[in-house]
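A.B. asks: sequence and predicted structure are below.
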Amino acid sequence: MNKKALLLFILMITVALPGTNVMAQSKFMVDVNTSCGYEVFTDCTGCHYDPEPTYEMTTYLTEGACGLCTEVTSCNSAPPTEAELLVDAQDTTNDYFESLFALFMQKMMETGMMLPDGTIIDPMIFAEVFPRCPEIAPVIASDFSRQTGYLVRRVTTRTRNSRNIPDDWELEQLKKFEKMAADGDPRTQFNITKPDGSILPTKEYEAFDVVSEGKGKDKEIYFRYMRSITMPGMPNEPPFLPCLKCHGTIDQLGAGVAEAVAAEYPHDLAMGYKKGDIRGAWTIKIPLVEKP
C-alpha cells in the first residue's frame, strides 16, 4: 500500500472511530484542568461538540489555560492547605450521603409502599428497594467524581457489590475504625440534612492523610479522606433508619430481603451486622500536585 493510500485509510478509520472526540476532549480537559495544579474545573464539551467557537475555547486559545481558573488570582496563589482539603472532603462526603439518602427515599415512595412522612404501608418494601443499594450508590458516586474531579465512593470489607472492595490504604483505615468501635473510642458528630430538611446527627470515625502512590514518573500525590459508616439500630429507635432491614441478622431482615439479595447477589457478604458495627466507609481521593 503506497503512502497516500495508507494516510487515507488511517484518516477514514480515525473519523469512523467513536472514541476520537472523547480522546480529544480528554486531552483538552487535562491541559485546562491541571493548568493551575489544583481545583481547576471546566466543561470541555462545548469546545469539542459545538461547531461555533465558545467562550471557553476562545479564552483557552487567547489567554491559555490559566484564563479558565476558578479564581482570578488562582494561578498565582498558593494551593489549598491540608485543613482546606479536609473541609472540602468532609463537605463532599456530606453531599454524597445526602444525595444517596434522598434517592433512596424517592425510590421507596415510588414503590407505593411508603408514604412521604415515612409510614411503611407494605413491609415488602425492603425486599423491593434496598437490595438495589449496590446499584444506586455507585451511580451517584460516579456523578460526584465527574463533577469534582475527585474519586468518590464507598468501600467495605464485606461486599455486596465487588466495586466496593477497598484498596490497601482504605483497608488499613477500615481496620482502625473497627478497632476503635470495639474499644468504644469517641466519635465525631456530622450533621446530615435529611430530604425533609431535618437534621440527622451521625457520629462516625474519620481518617485523612496525604499519600504517595506509584514511583518515578508514575508517582501521584493524593489527599485521602475516609469516614466510617456505622450501623444504626432498628427502624423503631433513633435515628430511625432501616439499614438493619437489609444488613442485619436473619431475624432483623425485612420480609423477602434474604431471598431478594440471594437472587441478585449470590456472593453477598453484607448481612449479619448489628447495631454499632462498622459497615464500611465513605472515601474521597483528591489528586494533588507535588510541591517543587
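C.D. replies: It's in. From a predicted model like this one, the values you see are computed outputs, not experimental measurements.

A.B. asks: all contacts plus neighbour counts: C-alpha atoms, from now on.
C.D. replies: Will do.

A.B. asks: surely Gly280 touches Thr159?
C.D. replies: No. Look at Gly280 against Thr159 with C-alpha atoms under 8 Å: they stay out of range, at 9.0 Å.

A.B. asks: these two: which has the busier surroundings?
C.D. replies: Applying other C-alpha atoms under 10 Å to Gly280 and Thr159 shows that Gly280 carries more neighbours, namely 29 against 20.

A.B. asks: phi first, then psi, for the more buried one.
C.D. replies: Backbone geometry at Gly280, expressed as degrees, to the nearest 10, gives phi 170, psi -150.

A.B. asks: re the thing from before, what touches both of Gly280 and Thr159?
C.D. replies: When C-alpha atoms under 8 Å, 6 or more residues apart in numbering defines a contact, no residue borders Gly280 and Thr159 alike.

A.B. asks: show me what the longest helix along the chain is packed against.
C.D. replies: Looking only at the chain and at elements set by DSSP state H, the helix with the highest residue count is helix 82-110. Using 3 or more C-alpha pairs under 8 Å, 6 or more residues apart in numbering; DSSP states H and E, the elements in contact with helix 82-110 are helix 125-129, helix 133-148, strand 188-193, strand 220-230, strand 278-288.

A.B. asks: gap between it and the chain center?
C.D. replies: 9 Å (C-alpha atoms, centre = their mean, to the nearest Å).

A.B. asks: how far off strand 278-288 does it point, in degrees?
C.D. replies: With axes from the mean of the first three to the mean of the last three C-alpha atoms, to 10 degrees defining the directions, helix 82-110 sits at 130 degrees from strand 278-288.

A.B. asks: return the set of buried residues in helix 82-110.
C.D. replies: 85-86, 88-90, 92-94, 96-102, 104-105, 107-109 (16 or more other C-alpha atoms under 10 Å).

A.B. asks: how much space between the spatially closest residue to Leu85 that is not a sequence neighbour and Arg153?
C.D. replies: Computed as C-alpha to C-alpha, 6 or more residues apart in numbering, the closest residue to Leu85 that is not its neighbour in sequence is Phe223, at 7.3 Å. Using C-alpha to C-alpha, to the nearest Å, Phe223 is found at 15 Å from Arg153.

A.B. asks: also Gly214?
C.D. replies: Distance, Gly214 to Arg153, by C-alpha to C-alpha: 21 Å.

A.B. asks: could you do Asp95 as well?
C.D. replies: Distance from Asp95 to Arg153, by C-alpha to C-alpha: 12 Å.

A.B. asks: on that earlier part again, for Phe223 and Arg153, indicate the residue with more neighbours.
C.D. replies: Neighbour count, other C-alpha under 10 Å: between Phe223 and Arg153, Arg153 has more, with 24 against 19.

A.B. asks: ok so that one is a helix residue?
C.D. replies: No. Applying DSSP: H, G, I helix; E, B strand; the rest coil, one finds Arg153 to be strand, outside a helix.

A.B. asks: so, low pLDDT: which residues of the chain?
C.D. replies: Scanning the chain for pLDDT under 70 picks out 1-54, 56-57, 59-78, 112-118, 131, 290-292.

A.B. asks: could you chop it up by domain?
C.D. replies: 3-76, 82-288 (automatic domain parsing).

A.B. asks: winner for burial among those domains?
C.D. replies: Across the domains of the chain, averaging neighbours per residue (mean count of other C-alpha atoms under 10 Å) puts domain 82-288 on top, at a mean of 17.

A.B. asks: look up which helix or strand Lys203 falls in, please.
C.D. replies: Using DSSP states H and E, Lys203 falls within strand 199-204.

A.B. asks: can I have that strand written out in CSV, keeping just the CAs?
C.D. replies: Output of strand 199-204 as CSV, limited to C-alpha atoms (Å, rounded to 0.1, in the frame of the first residue of the first chain):
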residue,chain,number,x,y,z
ILE,A,199,-31.0,17.1,60.7
LEU,A,200,-29.6,13.6,61.1
PRO,A,201,-26.8,13.8,63.7
THR,A,202,-24.5,10.9,62.8
LYS,A,203,-21.4,10.0,64.9
GLU,A,204,-18.5,8.5,63.0
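
A.B. asks: since that was my last question, I'll sign off now.
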